[in-house]
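Asker: sequence first, then the predicted structure, then my questions.
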Amino acid sequence: MSWVRRMLARQRLALWSALILVLTLVMIGALLMAAMEANLRRKVDEALLLRAQHVGHGITVDQDGTLSPAGVASGLADLAPLDEITAPGIYVQVLDHAGAVLLSSANLPGGGLPLPADLVQQTLAGRQTTTTIPIGRERVRLLGRPVLGEARVLGAVIVGESLHFLDVTLRDLRRLLGLATLLAVLLSLAGGWWLRRQAMRPVADVTRVARDIAATGRFERRIAIPQTQDEIRDLAATFNEMLARLERTFRRQRDFLADASHELRGPLTVIRGNLDLLQMDLPEAERREGAAEATEEVKRMSRLVSDLLFLAAEDAEERLEHQPVPLHELVSAAAERARSLDAGQHAVTIICNDPTLVQGDRDRLGQMLWNLVENALRYTEPGGTVTLGLHNHGPVAELTVADTGVGIPAEHLPHIFERFYRVDRARSHGHGSTGLGLAIVKQVAEAHGGQVRVRSEPGAGATFTVALPITSD
């Protein structure tokens, strides 16, 4: 069966369907043949019984209570000549009580029927019996009917009929069924091949697209969705969804590698340059300045790697915790942390802090809030104000972080949540920014079923708003 395994799927389907069709037709044909043969044999037996009864009614009994050839002949002559009772393929034979032949029809081959002994014995014992015997190239159906006297069996009437017509009918029926089966199999193979080719076309498209992607790496390829509502349509739709997800993952990985290599190149260059300077014979003050600058770059690179790892985990759809989180507690904690780290350079206030419970990951939500607060502190001049707020609006909670800083020009607003996007690259580097804080904010908000938006004007500060669904617990 190894050659079957090497066949294409549609060829195997066509082969198995044809095999099942053949087996079904053979079973139906066998049942039909058996029913037809039983029905025809029953008709023959009924005709033989009527003929035997007809012959038996014409037999006369001698005065001594026995059958004699002369008595049988004269009795049948009164009814009808024996040759008139018979017909082509019909044979009649009369026996006495001892089994001796009293009279036979003239059309019997060899002058008599080759009667089986058990047929004669059972008939003379008073039982009507049937059997089938071969005569020449034909089969003959025999029926033995006893001739009864007052208290005993006087003889027997044996009537036979050739089964040539029955055999010819069954043979023609077998040929017809064979031809019908062959025609059905050929039509099934042809029609099944065409139908399966149409049905398997989306599968072939999936294979072709998969091979093309494997060869070229072009994940933007898609397969056509069939109009039918079946499993093939589901397969094509699922495959396209998988391709879309792979495309997004591949693009993110490519962007991740490009951005990471670009962003890490700067700190590494600074660190290497300062290390080279430290190897020179420089004044102590310059050596300390170089070491301090290298240390700052190491800290910045550490923050950058940490943020990149976080975003990489989010890209891989790292499983978030799903538990009730009191968002108002995170707001209070973020405000206290900001006041502690800021050392009074800015006024950090809370204008509203409604008790709010959301479903999600406490650590991720805390990091999202702190990124907004840190971003506000970074771009607000000393003496400015950073304001936190938490307002409940029905099923949605709105978390706001506003500042009185430099603001964001309108042309930059659509891009500030992109990775490594900076409004002022030089100013961002000076503040130790990695360019990933707002990307993390957007990622966490969307992972919790929310969204983030910003409103800002240059010189008038910025207000970031995160909308999150409130849990019903």
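Answerer: That came through, no problem.

Asker: domain-wise, how is the protein divided?
Answerer: Domains of the chain are assigned by automatic domain parsing as 2-170, 208-316, 319-469.

Asker: turn these into TSV, columns for mean pLDDT and distance to Leu189.
Answerer: In short, each C-beta sits where N, CA and C put it, glycine included. Output for these, formatted as TSV (pLDDT from 0 to 100; distance: least, C-beta to C-beta, whole Å):
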stretch	mean pLDDT	distance to Leu189
domain 2-170	78	5
domain 208-316	75	21
domain 319-469	85	51
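
Asker: most tightly surrounded among these?
Answerer: Each of the domains of the chain was given a mean neighbour count from mean count of other C-beta atoms under 10 Å, and the largest, a mean of 17, is that of domain 319-469.

Asker: hmm, back to that, now the domains of the chain as a markdown table including distance to Ala180?
Answerer: Compiled in a markdown table, the domains of the chain are given as follows (distance: least, C-beta to C-beta, whole Å):
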| stretch | distance to Ala180 |
| --- | --- |
| domain 2-170 | 7 |
| domain 208-316 | 31 |
| domain 319-469 | 62 |
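
Asker: which one of these lies closest to Leu187?
Answerer: domain 2-170 (9.5 Å; C-beta to C-beta).

Asker: now do the contacts for Gln93.
Answerer: Listed by C-beta atoms under 8 Å, 6 or more residues apart in numbering, the contact partners of Gln93 are 101, 103-105, 108, 112-113, 115, 157-160.

Asker: apply 7 Å and report the result again.
Answerer: Contacts for Gln93 (C-beta atoms under 7 Å, 6 or more residues apart in numbering) come out as 101, 104, 108, 112-113, 158.

Asker: next, the contact list for the residue nearest to the spatial centre of the chain, please.
Answerer: Here the mean C-alpha position of the chain is nearest to the C-alpha of Glu231 (C-alpha atoms, centre = their mean), at a distance of 6.0 Å. Contacts for Glu231 (C-beta under 7 Å, 6+ apart) come out as none.

Asker: correct me, but Leu278 touches Glu289?
Answerer: No. Between Leu278 and Glu289 no contact is recorded; they are 10.3 Å apart, counting by C-beta atoms under 7 Å.

Asker: strands of the stretch 1-150 of the chain, start to end?
Answerer: 90-96, 101-104, 129-135, 138-148 (DSSP state E, counting those that start in this stretch).

Asker: for the last one, name the packing helices and strands.
Answerer: With contacts defined as 3 or more C-beta pairs under 7 Å, 6 or more residues apart in numbering; DSSP states H and E, strand 138-148 has these neighbours: helix 9-58, helix 117-124, strand 129-135, strand 153-162.

Asker: tell me how far the last one is from the chain's mean position?
Answerer: So the one you mean is strand 153-162. Taking the mean of its C-alpha atoms, strand 153-162 sits 69 Å from the chain's own mean (C-alpha atoms, centre = their mean, to the nearest Å).

Asker: could you check the angle it makes with strand 129-135?
Answerer: 50 degrees (axes from the mean of the first three to the mean of the last three C-alpha atoms, to 10 degrees).

Asker: likewise the second one?
Answerer: Relative orientation of helix 117-124 and strand 129-135, computed by the same axes, to 10 degrees: 150 degrees.

Asker: elements contacting helix 117-124?
Answerer: Using 3+ C-beta pairs under 7 Å, 6+ apart as the contact criterion, the neighbours of helix 117-124 among helices and strands are strand 129-135, strand 138-148, strand 153-162.

Asker: let's see it at 8 Å
Answerer: Contact partners of helix 117-124 among helices and strands, from 3 or more C-beta pairs under 8 Å, 6 or more residues apart in numbering; DSSP states H and E: strand 90-96, strand 129-135, strand 138-148, strand 153-162.

Asker: ok, Ala47 to Ile90 distance?
Answerer: Distance from Ala47 to Ile90, counting by C-beta to C-beta, to the nearest Å: 9 Å.

Asker: now do the shared contacts for those two.
Answerer: With contacts taken as C-beta under 8 Å, 6+ apart, the residues that reach both Ala47 and Ile90 are Glu161.

Asker: one step back: relative to Leu436, which of the helices and strands packed on strand 138-148 is closest?
Answerer: In this view, these are compared for proximity to Leu436 by C-beta to C-beta, and helix 9-58 is the closest at 47.9 Å.

Asker: strand 129-135 and that closest one, what's the angle between them?
Answerer: Here helix 9-58 runs at an angle of 110 degrees relative to strand 129-135 (the same axes, to 10 degrees).
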